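Trainee: sequence unknown, structure follows:
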């Protein structure tokens, strides 16, 4: 199969009909910038494509990448897939794209300034007034602000660029306000760089790191004047960090990320609720819609933003990028008028035309669109989420009629666009390369100092086989974009460059992050113990103990009752019809509070919301925990097959916890992670011991139950080496309650909790949590002394354990009230 | 020309069942200076005293007051008081000299009124004044070709007055216009929205006005304190120049008894007091308006 000639024909890469291809001309000549890639494919043979794809998928998975937004019905979407074959762009081609995008960015920057100021373009009727005045993104609350307030311009903008069959370049979309894709572009680059390191080197690919550094440095400069060390925060409104592509970016760059409810406006400034109290924020890079940013002034009464932030912006107390009203510019309704707007605002001719567009608010344009509907792409003139783009060529007669009626009822709300036959690029499929239509999303911003910065790279998005470009929010296939350099490129580390911008403040632990670290610790321990329960049950069932079957079953029932009672969810047990169904609650049920999946899911979500805290190795173990468990067979596997997955999960969890013990700075965030672990363990141990003591059992059952409890707590070996005896209730309690040097005993755990919680600041109005623990450490000491002196007293021990169990719940509540109350809980 | 002087007191109070730690509010309570309406003194009293406050003009030139109360509190009251001098000229309906079906010119969209605001703002539908088929149906009987604009507007006002029932409590701030049209009942705010939505459908600029109305007690009866409420009516731009008031709730051209606070595209642009609260528990709202002739 493999060919040494470097000829593309070895892969049977053929262009599609008479469509333009970016790599291969119609007469079969490879564009020079693609030469190295094709040569490399020729050397390795087409089988290497599957290898590359698998490697890319593996790296993405391991690093916890891939943006997975909720789909429209609320279920998790399919996520982005990455084709490791990059889109390679020559320096000459790039230079013209860059010039065109720079100009377009300058143009829109001027337009923004004008529309929120003198409105000359509106008054001179350079475009129809409806496009601006009817746009819900036009925020009258931010109109005509005097200079010196916290208004930043467009901030980051994104432009989708495509080429048609004739080779003409067009802009097909603009994205302002909160353009999607920068984080995904960085993810893609990170992965592809690892899949094709040598090819990357040979091609002399331009680095994108400087762009990120410049962007953050620019954000820093946007801070209200007089701020020496500006606090820059990424405002991310997604409920769970994993839904956001910026989680990766924040982690990579070390910038704090906040949810709107972490922020509050006081004294005309924005503050972030951190463990140490309120910390002022100077610059926000927002990823939520500008029109929902201020819940006080929003026209949409259900907005969940930050009350009072517009006043803070107007008063110059905070800078927000992008300008919250910049969505008003995001309308294809402006496209027909862009050439004249460009002449009026820049005194220049437009370099890259927009795709041919007709705004249906004008009678002539309306009749053109309606008459040619079958060849039109119909888009909303307002916010792009309001209406799903329709391709006339793909609609049946009745659908066309419906669309026509919709347009005629509200013509000002629609535009028609010419459907472009976009050019294709080589795309890997397991058997070889195929051509796929592609659009490149370019990113840029206007830097206060140096004009327009355009990222030398981007996010390429591929059309499906049928040729429709998949909207970003619906996910699809993406590619890295390689811009070839004329100069030698130097390796560039974004993280280290960002750290030199002094925008990173490691002391700042937002309350939400703190809470998620705490719950990461709790769910890690809980998942571990529950997986041990399940493994024990499977062991006893399938791996042959000497006991008779009836004892085995009784024992299993006892274990399950213990587990469900500790977590207060016996109701679930009652609904299960037989022993298998009961075991499946733990192994397979997603909704059972003592199910492995249920707890692992929560563990994973907590880690993702606190994503910026993890080292690369920790991130790897997190995905190993998650993927290892969820990757295996689901419904049809035999129950005994879960055994190895459970053990693997325990191993991965301990790797995660061990790594954090070794690698995290002993700061407040770490203290909460550790406190979560110790609290959860204390809770489980005291619960289990209380059950052990309360159980009225026959001798043989008692021994088995005892051993099981030691097994759950991973203490069998320690017990044996400590006591050289068969497990007895008394010795088990002595070890796990009183043994102060044993890290799994409650005595040790309470001491540890006290020690790590010392690191936390004293909360405003509540007592320091250490003050709550201290009496218990003393109680524990006295109880142990009595236990060691005299005879073991069962009844008193039970009382002590139950009291302790209740105290731990109180302690957890106290931590929540003291440290995790977010800046605002709205009504 | 003589004048009538009023003293107005508008009190909005919230009593919370729990403690509130932080409250942000934006008030549209400062009355506009208008031709025939001179504001002699305006005072806004907020309790507890705000920690931060700022007075500004909004997009439409209305006075706004932003304030934040940053300490724990269980009650919150805003009292707006002012004295206003109104000219007592009896308003007359002008003749625009144009018929409604001839008046439209796209240029009007970007032309500015006396406050510098493009008419487009008052010509396009909004969330509260959407363009609806039922609005067209309501309009239809009045759309006689060649009819003079102000004559048409006047008839629409009269028709809303007779065809809709004034029923306090029949609607609230979130009742969609469609529902108002179906049930043919509502309050002043709804009637203003119906009239605005209808006028915009035929390209006549219309804006929402918030304010107060003096109610005259029967002879010999002392006027009840707090009996008066916030009121809403409509202003329509006449091609002959200027904005003319229409009060569809009373089928009346507003005169000195109508005291104007603010105008905007619809109610949501000029909500008297909006706020967000941080804290727990429920809230109880009470509003009193006194308009006294002095």
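Mentor: Noted; the coordinates are in hand. Everything quoted here is computed from the prediction, not taken from an experiment.

Trainee: So for chain B, which residue is the most central one in space?
Mentor: residue B:210 (2.0 Å; Cα atoms, centre = their mean).

Trainee: Now do the same contact list for that residue.
Mentor: Applying Cβ atoms under 8 Å, 6 or more residues apart in numbering or on different chains, we find residue B:210 in contact with B:28, B:230-232, B:260-263, B:267, B:270, B:272. In short, each C-beta sits where N, CA and C put it, glycine included.

Trainee: Name the SS class of it, please.
Mentor: Assigned state for residue B:210: strand (three-state reduction, DSSP: H, G, I helix; E, B strand; the rest coil).

Trainee: mind checking pLDDT for it?
Mentor: Per-residue pLDDT puts residue B:210 at 96.

Trainee: I'd like the contacts of residue B:210 as a markdown table, with pLDDT appended.
Mentor: Shown next, in a markdown table, are the contacts of residue B:210 (pLDDT from 0 to 100):
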| residue | pLDDT |
| --- | --- |
| B:28 | 97 |
| B:230 | 88 |
| B:231 | 93 |
| B:232 | 95 |
| B:260 | 96 |
| B:261 | 97 |
| B:262 | 97 |
| B:263 | 98 |
| B:267 | 96 |
| B:270 | 96 |
| B:272 | 94 |
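
Trainee: returning to what we had before: partner residues bridging the residue nearest to the centre of chain B?
Mentor: Going by DSSP bridges, residue B:210 is paired in beta bridges with residue B:232, residue B:262.

Trainee: per-residue confidence for the residue in the stretch 151-294 of chain B positioned nearest to chain A?
Mentor: Closest approach between the stretch 151-294 of chain B and chain A, counting by Cβ to the nearest Cβ: residue B:276, at 3.9 Å. Per-residue pLDDT puts residue B:276 at 83.

Trainee: Residue A:570 too?
Mentor: 85.

Trainee: For the residue lying closest to residue B:183 once chain neighbours are set aside, give me its contacts.
Mentor: Spatial nearest neighbour of residue B:183, excluding adjacent residues (Cβ to Cβ, 6 or more residues apart in numbering or on different chains): residue B:170 at 6.8 Å. By Cβ under 8 Å, 6+ apart, the residues touching residue B:170 are B:183, B:185-187.

Trainee: Not counting its neighbours along the chain, what's nearest residue A:368?
Mentor: residue A:358 is the one closest to residue A:368 (Cβ to Cβ, 6+ apart), at 5.4 Å.

Trainee: can you pull the buried residues of stretch B:184-204?
Mentor: Using 16 or more other Cβ atoms under 10 Å in any protein chain shown as the test for burial, stretch B:184-204 gives B:185-204.

Trainee: Contacts (any at all) between chain A and that stretch?
Mentor: No. Against chain A, stretch B:184-204 shows no contacts by Cβ under 8 Å from any Cβ of the partner chain, the least distance being 11.5 Å.

Trainee: Give me the nearest residue to residue A:617, chain neighbours excluded.
Mentor: Here the residue nearest residue A:617, using Cβ to Cβ, 6+ apart, is residue A:659, at 5.5 Å.

Trainee: isn't the one you found right next to residue A:616, touching?
Mentor: No. Using Cβ atoms under 8 Å, residue A:659 and residue A:616 do not qualify as a contacting pair, with a distance of 10.2 Å.

Trainee: quick one on the thing from earlier: which SSE is the residue nearest to residue B:183 in?
Mentor: Here residue B:170 is covered by no helix or strand, with elements defined by DSSP states H and E.

Trainee: Can you tell me how far it is from residue B:128?
Mentor: As judged by Cβ to Cβ, to the nearest Å, residue B:170 and residue B:128 stand 16 Å apart.

Trainee: ok, back up a step: quick one, which of residue A:659 and residue A:616 is more surrounded?
Mentor: Applying other Cβ atoms under 10 Å in any protein chain shown to residue A:659 and residue A:616 shows that residue A:659 carries more neighbours, namely 18 against 11.

Trainee: Now do the contacts for the more buried one.
Mentor: Here residue A:659 is in contact with A:615, A:617-618, A:621 (Cβ under 8 Å, 6+ apart).

Trainee: PyMOL command to pick out the buried ones of those residues?
Mentor: Entered in PyMOL, the line below selects the buried ones among the contacts of residue A:659, by 16+ other Cβ under 10 Å:
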select buried, chain A and resi 618+621
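
Trainee: Give me the buried positions along stretch A:143-162.
Mentor: Going by neighbour count (16+ other Cβ under 10 Å), the buried part of stretch A:143-162 is A:145, A:149-162.

Trainee: Can you flag which of those residues belong to strands?
Mentor: A:157-162 (DSSP state E).

Trainee: Pull the most distant pair out of these.
Mentor: Using Cβ to Cβ, these span at most 17.0 Å, a distance reached by A:157 and A:162.

Trainee: rewinding a little: between the contacts of residue A:659, which is closest to chain B?
Mentor: Relative to chain B, the closest of the contacts of residue A:659 is residue A:618; by Cβ to the nearest Cβ it sits at 34.6 Å.

Trainee: pretty sure that closest one belongs to a helix, no?
Mentor: Yes. Per three-state DSSP, residue A:618 lies within a helix segment.

Trainee: I'd like the distance between the nearest residue to it once chain neighbours are set aside and residue A:676.
Mentor: The spatially closest residue to residue A:618, leaving aside those adjacent along the chain, is residue A:659, at 5.2 Å (Cβ to Cβ, 6+ apart). For residue A:659, the distance to residue A:676 (Cβ to Cβ) stands at 16 Å.

Trainee: Good, wrapping up.
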